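Make a model of this:
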Amino acid sequence: MSKKLILPAEVKVCATCSYWDGERKVSDDNNVVVVSDCASGECLVRSAALPGLAAFPDDHDCLWEHLDPDPVDESVDLETPRKVVGG
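Residues are numbered from 1 along each chain as shown. Here you go, the predicted model:
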């Protein structure tokens, strides 16, 4: 069994990036990410396999993005069905 790490979501490593597709658990209550110390996944920006604890703070190819969801626009009506025109 591998060790689990609890990381603040603000730490800029692959496991805390919204573009990293790997096994992790995100806690919205505590703003932390739980990941295995040997977790790996795919960076959707680089299209490459990267370990969850990899960090690229000065790399211009890294587009690290916080895991927080985008704010909800309350003015958008999501309940009313819409007709798609074209496409």
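
what's the helix or strand for Ala49?
strand 48-51 (DSSP states H and E).

Relative to Val34, how far out is Leu5?
7 Å (Cβ to Cβ, to the nearest Å). No exception for glycine: its C-beta is placed from N, CA and C like everyone else's.

What are the buried residues along the least confident helix or strand in the chain by mean pLDDT?
The helix or strand of the chain with the lowest confidence, counting by mean pLDDT, DSSP states H and E, is strand 25-27 at a mean of 89. For strand 25-27, a neighbour-count test (16 or more other Cβ atoms under 10 Å) marks Val26 as buried.

So what's the gap between the strand holding Ala49 and the chain middle?
14 Å (Cα atoms, centre = their mean, to the nearest Å).

Check stretch 10-26 too.
Taking the mean of its C-alpha atoms, stretch 10-26 sits 4 Å from the chain's own mean (Cα atoms, centre = their mean).

how far does that stretch stretch from start to finish?
12 Å (Cα to Cα, to the nearest Å).

can you list contacts of that stretch?
Residues from elsewhere that reach stretch 10-26 (Cβ atoms under 8 Å, 6 or more residues apart in numbering): 7-9, 31-36, 39-45, 50-55, 57, 63-67.

Could you rerun that using 6 Å?
If you take Cβ atoms under 6 Å, 6 or more residues apart in numbering as the criterion, stretch 10-26 is touched by 7, 9, 33-35, 39, 41-45, 50, 52-55, 57, 64-65, 67.

Could you pick out the buried ones from those residues?
Of the contacts of stretch 10-26, these count as buried by 16+ other Cβ under 10 Å: 7, 9, 33-35, 39, 41, 43, 50, 52-53, 55, 64, 67.

Present these as JSON lines; the columns should include distance to Val26.
As requested, those are exported to JSON lines (distance: Cβ to Cβ, whole Å):
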{"residue": "Leu7", "distance to Val26": "10"}
{"residue": "Ala9", "distance to Val26": "7"}
{"residue": "Val33", "distance to Val26": "5"}
{"residue": "Val34", "distance to Val26": "8"}
{"residue": "Val35", "distance to Val26": "10"}
{"residue": "Ala39", "distance to Val26": "13"}
{"residue": "Gly41", "distance to Val26": "13"}
{"residue": "Cys43", "distance to Val26": "17"}
{"residue": "Leu50", "distance to Val26": "18"}
{"residue": "Gly52", "distance to Val26": "12"}
{"residue": "Leu53", "distance to Val26": "16"}
{"residue": "Ala55", "distance to Val26": "18"}
{"residue": "Trp64", "distance to Val26": "15"}
{"residue": "Leu67", "distance to Val26": "6"}
